[in-house]
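Visitor: got a sequence here, can you model it:
(chains A and B)
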Amino acid sequence: MTPILIVEDLNAYHGLLHAVRGISLRVGSGEVLALVGANGAGKTTLLRSIIGAHPSAQGRIVLMQRDLTALSAYQRVRRGVALVPEGRRLFAELTVEENLMLSRSAGRPGIWNVEAVMDALPQLKAIRNVKARSLSGGQQQATAIGRALMTNPLVLMLDEVSLGLSPAAVDQVYAALHRLKASGTTLILVEQDLGRSLDLANRVACMLEGRIVLQAEAANITRDQITDAYFGVARRHKAED
Amino acid sequence: MVWVNQVAQGVLLGGYYAMVACGLSFMFGVMRVINLAHGSLAVSSAFCLWVIADVYGVSPFLGLFLVVPLLAFVGVVLQRAIIERSMRAGVLVPILSTFGLSIVFDNLLFETFGADTRSLAPFIGDLPYEAWPVYGDIYVGKLAVVTFGCSIVIIGSISVFLSRTQWGRAIRATAQDPDTVAMTGVNPRAMAALAAAIATATAAVAGAFLAIRATFDPYSGAPQLVFAFEAAVIGGVGSLWGTLAGGVLLGVAQSIGAQVNSQGFMIAGHATFLLVLLLRGYLMERYLRFRFEFLTGKR
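Guide: Below is the predicted model of the structure:
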């Protein structure tokens, strides 16, 4: 599969903490990559570094053969990377439709406009004129996904999309993600729910202490292998040997 | 009838205060910056218009077509060079920076133009001296009505811009969360610069009306800032229509105060400002207490 996004030797810090340690990965066009790992493994920092919301100390980010490393966040979004941030971070005083319309600033041509987003996320239709601060968690998450889609991204990154949502809302969000996958959208998904991640993803990468410790096709990997990598069991066994 | 006349004059005066205050309020509402140089920028605009009128014989209203873009550009430069940098150092630093800027502006104007007072009234014909009869002994000055009308047009235009346009939405979003707004493809620095340009452009117009309705000198900025600040706070800083209401309340209070006592103009304005602050604090405390008791089942 031709890589659409290439991350090479990416390093990022939180103060003195080396949060992302020399990560390299390639994401193919139309691929869904699930990024799993314990809290503090560096997943969110990696996504924020890719989009430019967190400064990277070293490394390269290439999207469709164009180097994004020196660009600021809004310029990277205009090149085709989008992020649904953890906690949604909607603009509370703007309506759902205004939140969506804002992403037209990315100025990227593509299939996504307000009506297309409403069709893909039908729960938004009834609340398009409601201010974001009045929405439920599931409605907020759908709006955040719609807002990212409105930038017409080549790669859509989603950070903890099911966090704090009711089971019914999670079902709705994942139904939308499956539709996005079917439409050929390239996704990078950070998720604590391993079952749902494996169900959606083509490939899984497991992070531990800022590094990718396991990377494999979703079909060729067992939950036990991922769990071992998740908790660093494999590495401990190696050290003990 | 005298009191009705005073209220009418106060309402119209409030339009002028709202015009001075709306840029201040907009700047705070959008960027959380209290620009203490706002009054000095208005006076700078007045001097620019005076030069254009006195040296080149151009009407101050036509001169605004040059001075408004010029002040907007100054706003962008100030935002990029000073305000943006000082905002990184905490909430108090921009206040100190803009206070320093106001001193710089005032003294540059003093150095350039001296301490003489000037006015733009001689350059606009009879407008400052003419009035329309309304009822009985009540007359409203044409200039006061024009000022009030311009104030409504400016506030209305900014409100429509913020609510109906893509840039307006982007400015509102930038005000709420500048980090996240970048993830929608909006350049937050550009939006902050645009907001600063709009705020200083309104200061330019306010400066024109200051110089037309009264005399001005290089140090006229500070009193204008005080009235603007009071109008913005009374109406709720960040709310444009609230600023108009605040300006009207302040104007009416001053006008009635002047009727009661010839020295009462200033005192009544400041007293109203303090009263509103105290009343607002009292009502907020009562509301929070009621809410707490309601939620804990004591009511």
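Visitor: buried residues in the helix or strand encompassing residue A:76?
Guide: Using DSSP states H and E, residue A:76 falls within helix A:73-79. Residues of helix A:73-79 classed as buried by neighbour count (16 or more other Cβ atoms under 10 Å in any protein chain shown): A:73-74, A:76-79. To be clear about C-beta, it is placed using only N, CA and C from the backbone, and glycine gets the same treatment.
Visitor: what parts of the stretch 51-200 of chain B come near chain A?
Guide: Residues of the stretch 51-200 of chain B lying close to chain A by Cβ under 8 Å from any Cβ of the partner chain are B:166, B:169-170, B:172-173, B:176-177, B:179-188.
Visitor: strands paired with the helix or strand following the helix holding residue A:76, and their directions?
Guide: Downstream of helix A:73-79, the first helix or strand assigned by DSSP H and E is strand A:81-84. Strand A:81-84 sits in its sheet next to strand A:155-159 (parallel), going by DSSP bridges.
Visitor: the following helix or strand past the partner strand to strand A:155-159, inter-axis angle?
Guide: Sequence-wise, the next helix or strand downstream of strand A:155-159 (DSSP H and E) is helix A:167-182. Here helix A:167-182 runs at an angle of 160 degrees relative to strand A:155-159 (axes from the mean of the first three to the mean of the last three Cα atoms, to 10 degrees).
Visitor: tell me the buried residues in helix A:167-182?
Guide: A:169-170, A:172-174, A:176-177, A:180-181.
Visitor: do the following helix or strand past that helix and chain B meet?
Guide: Downstream of helix A:167-182, the first helix or strand assigned by DSSP H and E is strand A:186-190. No. Judged by Cβ under 8 Å from any Cβ, strand A:186-190 stays clear of chain B, getting no closer than 14.3 Å.
Visitor: ok, then the element right after strand A:186-190?
Guide: helix A:194-200.
Visitor: next one: that next one to chain centre, how far?
Guide: 14 Å (Cα atoms, centre = their mean, to the nearest Å).
Visitor: same check on stretch A:177-185?
Guide: 14 Å.
Visitor: worst-scoring helix or strand of chain A, pLDDT-wise?
Guide: Least confident helix or strand, chain A: helix A:233-240 with a mean of 58, by mean pLDDT, DSSP states H and E.
Visitor: what about residue 31, how many neighbours?
Guide: Since you didn't name a chain, this refers to chain A. Residues within reach of residue A:31, counting by other Cβ atoms under 10 Å in any protein chain shown, total 22.
Visitor: actually chain B
Guide: 23.
Visitor: for it, which residues are in contact?
Guide: Contact partners of residue B:31, counting by Cβ atoms under 8 Å, 6 or more residues apart in numbering or on different chains, are B:83, B:87, B:175, B:192, B:195-196.
Visitor: how about the secondary structure of residue 26?
Guide: Went with chain A since none was named. Of the three states, residue A:26 takes strand according to DSSP: H, G, I helix; E, B strand; the rest coil.
Visitor: I'd say residue A:66 and residue A:79 touch.
Guide: Yes. With contacts counted by Cβ atoms under 8 Å, residue A:66 reaches residue A:79, the gap being 6.3 Å.
Visitor: please name the nearest non-neighbouring residue to residue B:176.
Guide: residue A:91 (5.0 Å; Cβ to Cβ, 6 or more residues apart in numbering or on different chains).
Visitor: can you give me phi and psi for the one you found?
Guide: Here is the backbone geometry of residue A:91 (degrees, to the nearest 10): phi -90, psi 100.
Visitor: for the helix holding residue A:76, what is the average pLDDT?
Guide: For helix A:73-79, mean pLDDT is 94.
Visitor: show me what it is packed up against.
Guide: Applying 3 or more Cβ pairs under 8 Å, 6 or more residues apart in numbering or on different chains; DSSP states H and E, we find helix A:73-79 packed against helix A:43-51, strand A:56-63.
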